[in-house]
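# 3D, please:
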Amino acid sequence: MSLDLLGGADAAATAEPWRDPAQHWARLTRAVADVSGPVAAIDVAALRYNALDMTVRAGGVPIRVASKSVRVREVVDATLAVPGYRGILAFTLPEALWLADTCDDVVLGYPSVDRAALAALAADAQAAARITLMVDDLAQLDLVDTVAAPGNRAEIRVAIDADASWRSPALGHIGVRRSPVHEASEVAALARAIARRPGFRLVGLMMYEAQIAGQGDATGSGDAVIRWMQRRSETELRERRAAIVDAVRGIAPLEFVNGGGTGSLEYTASDRSVTELTAGSGLLAGHLFDGYRAFDPAPAAAFALEVVRKPARDIATVLGGGWIASGPPVASRQPRPVWPEGLRMLPREGAGEVQTPLQGETARGLSIGDRVWFRHAKSGELAERVDRYHLVEGDRLAGTVPTYRGEGKAFL
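Numbers count the residues shown, from 1 in each chain. Prediction:
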């Protein structure tokens, strides 16, 4: 089917069935009753709600879709058709080359050393005009030159990834470990070196503030400390990003300054140095995004596993389940059983590769063949486990869309 996130938008603004868990999960269960499990589903109304809500939160600043947090081409395309979205932030160069067949604005979110993909980019003038490489080190440009000499290739568009982490005097490095260039002087030195290199054109700047965008502040655990850290990081970053942008604009005309993520749309949109935002996780809304004060996403994606064993009266064992999200190996990265309510994983087993025992009084009412719904911790990684999502409209199955895996792609 053709996924449309604009049709039905008025109804989506008033109808929010996911607010009633019993109604929401019952609808999904009925819709996929005849589909063999395991089954992954997208509630189209919830996806529509999330896509539109993010544009409101962005306050008119364009949002670039983070493909790693979706990994379903039809969902990406449908989102880009919504006013307020523009362009894709891809996660590998082979993926970017694939997406550039139909999208004319693809920024690579991470540096690439894929020699075959770099050679393909250098040999394809149309792809080179549509794709922007991300760099933070001159060695990355050196590698491109070894693959294809400047005089024998298309001009390569590049953007600088500048470190947006907070270097706290008391706490040290707060944020993710990304770029080695942090200060305005360091970014400017890299920009000048890029500007001098034949065969490259500096067109953009990215700064991803993971300590703000990717850290929930309403989780019920340590929230006061998180909010304290984020307030101070926001103040420091706003000043430093402005200085970095001013310095780089004095060296090269920038087409875009990218920042933010699903968790920081309001803050990043308020930064006048930023010309566009990036978000993707908020579309499908893994359960890691439940713990934010600023927004309350709808659970648009979920998967159901089937009960195959009853090893005890209060334990129901489902087939599969070990679909762990990336990040530190803690409980928050495990899939969460959400319906029927009252089920928990066994601490010594967790989510298993081939089976997952679930314990609780609710399990006494489950029978062989019944389904248990789970939400994945992160948004895009679920798509690596299934070849398609089943689209649910109301309480009916409206169609399916292939994931990257379903299209025969495994980019990372």
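
# flag every buried residue along the one helix or strand Tyr267 maps to.
Counting by DSSP states H and E, the element that carries Tyr267 is helix 265-269. Residues Leu265, Tyr267, Thr268, Ala269 are the ones in helix 265-269 that count as buried (16 or more other CB atoms under 10 Å). (Glycine included, C-beta is placed from N, CA and C.)

# closest to Ala252 among the residues you listed?
Each of these was checked against Ala252 using CB to CB; the closest is Thr268, at 22.1 Å.

# could you give the mean pLDDT of the helix holding Tyr267?
For helix 265-269, mean pLDDT rounds to 93.

# please name the strands paired to the following helix or strand past it in the sheet, noting orientation.
Using DSSP H and E, the helix or strand that follows helix 265-269 in sequence is strand 276-279. According to DSSP bridges, strand 276-279 forms sheet pairs with strand 63-66 (parallel), strand 256-259 (parallel).

# please work out which of those strands is packed deepest.
strand 63-66 (a mean of 26; mean count of other CB atoms under 10 Å).

# which other residues reach that one?
Around strand 63-66, the neighbours that count as contacts under CB atoms under 8 Å, 6 or more residues apart in numbering are 54-55, 76, 79-80, 84-89, 91, 107, 109, 258, 261, 265, 276-281, 283, 380.

# from the residues you listed, list the buried ones, please.
54-55, 76, 79-80, 84-85, 87-89, 91, 107, 109, 258, 261, 265, 276-281, 283, 380.

# in strands, which of those fall?
Within these, residues falling in strands by DSSP state E are Tyr85, Gly87, Ile88, Leu89, Val107, Asn258, Glu276, Leu277, Thr278, Ala279.

# ok, the nearest residue to the last one once chain neighbours are set aside - contacts?
What it means is Ala279. Of all residues not flanking Ala279 in the chain, Thr262 sits nearest, at 4.5 Å (CB to CB, 6 or more residues apart in numbering). For Thr262, the contact set (CB under 8 Å, 6+ apart) comprises Met54, Ser69, Ala213, Ala279, Gly280, Ser281, Gly282, Phe289, Pro297.

# now, which of the residues you listed lie within helices?
Those of the contacts of Thr262 mapping onto helices are Met54, Ala213, Ser281, Gly282, per DSSP state H.

# the second one and Gly260 touch, don't they?
Yes - Ala213 lies in contact with Gly260 (CB atoms under 8 Å); the separation is 5.7 Å.

# who has more neighbours out of those two?
Gly260 (28 against 24; other CB atoms under 10 Å).

# possible to save the ones in strands among the buried ones among the contacts of strand 63-66 as TSV with pLDDT and distance to Leu205?
What follows is these, written out as TSV (pLDDT from 0 to 100; distance: CB to CB, whole Å):
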residue	pLDDT	distance to Leu205
Tyr85	98	20
Gly87	98	15
Ile88	98	17
Leu89	98	13
Val107	98	11
Asn258	97	7
Glu276	98	11
Leu277	98	13
Thr278	97	13
Ala279	96	18
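
# low-confidence stretches in the protein?
Applying pLDDT under 70 to the chain flags the ranges 1, 8-15.

# what's near enough to touch the residue of it most remote from its centre?
Within the chain, Arg313 marks the point farthest from the mean C-alpha position, 39.0 Å out by CA atoms, centre = their mean. Arg313 makes contact with Ala363, Arg364, according to CB under 8 Å, 6+ apart.

# at 7 Å what do you get?
Residues in contact with Arg313 (CB atoms under 7 Å, 6 or more residues apart in numbering) are Arg364.

# name the nearest residue to the spatially most central residue of the chain, ignoring sequence neighbours.
Closest to where the C-alpha atoms of the chain average out (CA atoms, centre = their mean) is Ser69, at 2.5 Å. Closest residue in space to Ser69, ignoring its immediate chain neighbours: Gly280 at 3.1 Å, by CB to CB, 6+ apart.

# could you list every residue that touches the one you found?
Val65, Ala66, Ser67, Lys68, Ser69, Val70, Thr262, Ser379, Gly380.

# what about 6 Å?
By CB atoms under 6 Å, 6 or more residues apart in numbering, Gly280 lies in contact with Val65, Ala66, Ser69, Val70.

# with the residues you listed in mind, which one is nearest to Ala41?
Ala41 lies nearest to Val70 out of the contacts of Gly280, by CB to CB, at 15.0 Å.

# the closest one contacts Val76, doesn't it?
Yes - contact criterion CB atoms under 6 Å: Val70 and Val76 qualify, at 5.4 Å.
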